[in-house]
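Engineer: The following comprises the amino acid sequence and a computationally predicted model.
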Amino acid sequence: MRRAFARAVFATGLLFGLTVAGPASGTPASAVEQQPVDEGSWSLVGDPGEHITAGRSLAFSAGHDRLRAYGDPDGSHVGLRVEAADGGSWSVDLAVAPGTKLTPGTYTGATLYDPFNGNGPGTGPALDLTGAGGFCRSMDADFTVTKVKLGTNGWVEDFDASFDGRCDGATAAAHGRVHLRNRPAPPVLRVSVTAARDAVVTADGLVTVHGTATCSKPADLDVFGRLDQKRSAGAVTSYYGAIVACVPGKPVPWRAVTDPTVSARFTTGPAEVSTQAWTTDRDLTLQISVPAVVTKLRLTRPGRPEAVASRR
């Protein structure tokens with residue numbers, strides 16, 4: 001299954017182009033997801049008969065409940081998820097049209113926040129509220145943002161807001177106030193991967209490729225790629241993959257064997273290896289992509305490293 005995934009992702013890398021030469025460097029590929037809140041609170045009061053709160057008054061805090069926040073990289077959205085001490089789950093999302101910034105100010109006429117449908121029927125402000133198993137199919141809300149500061153890839157550093165939301169056409173409203181404070185976003189994980197210019201091919205045509213990986217923080221890297229060799233009888237292509245426990249401070253070696261299911265076999269001589277990697281920044285819950293790099297190498301038989309040196 002891992003090889004199949006590697007082939008699919010590698011094909012995507014080919015579609016968007018390869019980087020030739022030097023090491024591949026990792027870059028963020030997705031938004032921050034549900035970071036823990038250092039300091040925060042959320043008070044929620046429902047009018048009698050209000051759908052989500054059932055008319056109750058509720059209060060959540062980082063010291064008592066589990067609060068997790070996240071924002072969109074473009075600055076258009078901030079969300080808060082709560083796993084309450086009593087076992088209940090609650091959430092609120094405040095947003096403006098994608099591509100615009102959620103800035104301090106008052107927003108009126110907010111519709112239901114629905115990221116799968118462009119924030120609902122309109123392109124203006126949007127809000128969503130869920131709790132105790134209840135959710136809204138439509139929303140009419142007003143909210144005021146008094147402070148918002150987002151760091152790397154939507155990391156929520158500061159956020160203060162209040163809102164009044166009426167769910168599913170009701171006149172009863174839920175009234176909320178959110179206060180979030182977090183440390184600055186940690187540095188994004190930096191990763192590079194290289195492939196060596198030599199590899200060993202067995203009499204059966206299986207190739208062991210190798211190289212090194214470096215990282216700025218501990219990470220589990222999924223290193224994978226493709227090996228190509230041009231022969232008089234036609235081109236030979238195979239895929240490989242390896243898991244690397246990368247630690248900062250020095251290059252970490254990786255090694256992988258090509259997929260044995262290909263019908264044609266590799267032999268000694270020149271070849272070309274394309275290498276890339278995926279991983280997750282554990283601090284930011286952020287996917288990191290290392291784009292493909294092409295390296296020219298020579299395949300030799302086991303026990304004959306001198307052949308590589310003599311032909312460079």
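Structural biologist: Great, that's in hand. This is a predicted model, so every value here is computed, not measured.
Engineer: Please count neighbours and contacts with C-alpha atoms only from this point.
Structural biologist: Fine.
Engineer: now the strands for the stretch 51-200 of the chain?
Structural biologist: With DSSP state E, counting those that start in this stretch as the criterion, the stretch 51-200 of the chain has strands at 57-61, 66-71, 77-83, 89-95, 105-112, 126-131, 139-150, 156-167, 174-181, 191-195, 198-201.
Engineer: Would you mind giving those as a markdown table with mean neighbour count added?
Structural biologist: As requested, the strands of the stretch 51-200 of the chain are exported to a markdown table (neighbours: other Cα atoms under 10 Å):
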| stretch | mean neighbour count |
| --- | --- |
| strand 57-61 | 16 |
| strand 66-71 | 24 |
| strand 77-83 | 21 |
| strand 89-95 | 22 |
| strand 105-112 | 19 |
| strand 126-131 | 24 |
| strand 139-150 | 20 |
| strand 156-167 | 22 |
| strand 174-181 | 20 |
| strand 191-195 | 25 |
| strand 198-201 | 22 |
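Engineer: Nearest to residue 231, out of these?
Structural biologist: strand 198-201 (14.7 Å; Cα to Cα).
Engineer: Looking at the strands of the stretch 51-200 of the chain, which is nearest to residue 280?
Structural biologist: With Cα to Cα as the yardstick, what comes closest out of those is strand 191-195 (10.5 Å).
Engineer: Parallel or antiparallel, which strands does the closest one pair with?
Structural biologist: strand 24-25 (antiparallel), strand 207-215 (antiparallel) (DSSP bridges).
Engineer: And the helix or strand hosting residue 241, what's buried?
Structural biologist: Using DSSP states H and E, residue 241 maps to strand 236-246. By 16 or more other Cα atoms under 10 Å, the buried positions in strand 236-246 come out as 236-244, 246.
Engineer: And the contacts of that strand?
Structural biologist: By Cα atoms under 8 Å, 6 or more residues apart in numbering, the surrounding residues in contact with strand 236-246 are 2-3, 6-7, 213-215, 217-230, 252-259, 262, 264-266.
Engineer: Flag the shaky bits of this structure, pLDDT-wise.
Structural biologist: For the chain, the stretches flagged by pLDDT under 70 are 1-34, 117-122, 304-312.
Engineer: how is it carved up into domains?
Structural biologist: 2-30+187-311, 35-181 (automatic domain parsing).
Engineer: What number of residues are in the vicinity of residue 123?
Structural biologist: 13 (other Cα atoms under 10 Å).
Engineer: hang on, isn't it packed against residue 97?
Structural biologist: Yes: judged on Cα atoms under 8 Å, residue 123 makes contact with residue 97 at a distance of 5.0 Å.
Engineer: coming back round to it: of all the strands of the stretch 51-200 of the chain, which one is nearest residue 273?
Structural biologist: Closest of the strands of the stretch 51-200 of the chain to residue 273 is strand 191-195, at 7.6 Å (criterion: Cα to Cα).
Engineer: Just give me how far that closest one sits from the chain centre.
Structural biologist: 19 Å (Cα atoms, centre = their mean, to the nearest Å).
Engineer: returning to that earlier point: looking at the strands paired with strand 191-195, which is closest to residue 140?
Structural biologist: Across the strands paired with strand 191-195, closest to residue 140 is strand 24-25 (Cα to Cα), at 45.4 Å.
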